[in-house]
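Q: No letters, just coordinates:
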């Protein structure tokens, strides 16, 4: 199971690297290649250079594991919180389209992948070659339209085949939804649950039909809120949010990205209000709501988004 999870982490990292490569915008990944991340684009490295860089990373990790007091003490359990943090830092850089930090954080995630494989190799369980080979085997198996005789003329068919093939794999998912990690953030988990159900045909026939469900859930939420029943209100709030996420999915919108954009917009505008209250010599706690609203609207105007 650990090998499978490390392979997944490796796969995600490689996909990010491949995506950047296709945009001709990849930089030297941290720990992986000589030099530092730069903002300018340049000619991509050859496959041999990439393999050499990856080997260099493995050599550095071997040295650190042997000689560094901190690295010597690391275990699967001790590294896990760091991995979560590094993954969020990568997601943050991606959300901000900060390519310099995307490069840096990809390196950190790649280092964690290699480190887990190194720890496993010390126990004789698997090594980085097993991780890479297992991932390659899985990708080949799940792409029969490339490596076999299966027809898949569009993305929709590819995704349906993907979910069905996962159920056929040895050590694969036992059920359609078992591949959704329990630890996923709730918004992403809801989206993935709905998407996996869709891949086996459990979905609305017409996307417009979802709005009746959204309104139904909103009405039920309002009813329970008016009754001041906290337990039932919580349940209905969950149902309402689930239906809104479902609507976003049907319209090919990413609800997690949308919510994060709104989070950042609120932060910018609230920071504006706070900074201008300081300039006026009046703390927020002493300002009226009307005064704060006035500064808020000024922030919106400067952003050119008076309608939002």
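A: Here it is on my side, so go on. Computed from a predicted model, the values in this text were never measured in an experiment.
Q: Local confidence estimate at residue 91?
A: At residue 91 the predicted local distance difference test score is 90.
Q: Spell out the residue ranges of the strands in the stretch 151-300 of the chain.
A: Counting by DSSP state E, counting those that start in this stretch, one finds no strands in the stretch 151-300 of the chain.
Q: Run through it and note the low-pLDDT ranges.
A: Across the stretch 151-300 of the chain, the stretches falling below the confidence threshold (pLDDT under 70) are 167, 169-173.
Q: need the helices for it, in chain order.
A: 155-168, 186-198, 210-227, 230-250, 255-279, 289-303 (DSSP state H, counting those that start in this stretch).
Q: Take those and lay them out in CSV including mean neighbour count.
A: (C-beta placed from N, C-alpha, C; glycine too.) Formatted as CSV, the entries for the helices of the stretch 151-300 of the chain read as follows, by neighbours: other Cβ atoms under 10 Å:
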stretch, mean neighbour count
helix 155-168, 14
helix 186-198, 18
helix 210-227, 14
helix 230-250, 17
helix 255-279, 14
helix 289-303, 14
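Q: Next, format those helices as JSON lines and append distance to residue 94.
A: Formatted as JSON lines, the entries for these read as follows, by distance: least, Cβ to Cβ, whole Å:
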{"stretch": "helix 155-168", "distance to residue 94": "21"}
{"stretch": "helix 186-198", "distance to residue 94": "14"}
{"stretch": "helix 210-227", "distance to residue 94": "28"}
{"stretch": "helix 230-250", "distance to residue 94": "19"}
{"stretch": "helix 255-279", "distance to residue 94": "10"}
{"stretch": "helix 289-303", "distance to residue 94": "22"}
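Q: Show me where the stretch 1-150 of the chain dips below the pLDDT cut-off.
A: Applying pLDDT under 70 to the stretch 1-150 of the chain flags the ranges 1-42.
Q: can you list the domain ranges for the protein.
A: Here the chain is described, according to automatic domain parsing, as comprising the domains 2-141, 255-303.
Q: For residue 185, which of those is the nearest?
A: Relative to residue 185, the nearest member of these by Cβ to Cβ is domain 255-303, separated by 7.3 Å.
Q: Figure out the length between the terminal residues of that closest one.
A: By Cα to Cα, to the nearest Å, the extent of domain 255-303 from end to end equals 22 Å.
Q: Likewise for stretch 135-155?
A: Length of stretch 135-155, first residue to last, Cα to Cα: 21 Å.
Q: in it, what's buried?
A: By neighbour count on 16 or more other Cβ atoms under 10 Å, the buried set for stretch 135-155 is 135, 138, 141, 142, 143, 152.
Q: Looking at those residues, spot the one nearest residue 58.
A: Looking across the buried residues of stretch 135-155 and measuring by Cβ to Cβ, the closest to residue 58 is residue 135, at 16.2 Å.
Q: and the direction of the helix or strand hosting that closest one versus that of helix 155-168, what angle?
A: Element membership of residue 135, judged by DSSP states H and E, is helix 128-141. Orientation check (axes from the mean of the first three to the mean of the last three Cα atoms, to 10 degrees): helix 128-141 against helix 155-168 gives 120 degrees.
Q: Could you shift the numbering so residue one becomes 24, and keep it that way?
A: Let's use 24 as the start, then, which means that last one is helix 151-164.
Q: Which residues outside the following helix or strand past helix 151-164 are in contact with it?
A: Downstream of helix 151-164, the first helix or strand assigned by DSSP H and E is helix 167-170. Contacts of helix 167-170 with the rest of the structure, by Cβ atoms under 8 Å, 6 or more residues apart in numbering, involve 163, 173, 174, 175, 180, 181, 184, 188.
Q: quick check, nearest of those residues to residue 213?
A: Each of the contacts of helix 167-170 was scored against residue 213 by Cβ to Cβ, and residue 181 proved nearest at 22.7 Å.
Q: Distance check, residue 125 against residue 97.
A: With distances defined as Cβ to Cβ, to the nearest Å, the gap from residue 125 to residue 97 amounts to 25 Å.
Q: These two: which has the busier surroundings?
A: Taking residue 125 and residue 97 together and counting by other Cβ atoms under 10 Å, residue 125 has the greater number of neighbours (26 against 17).
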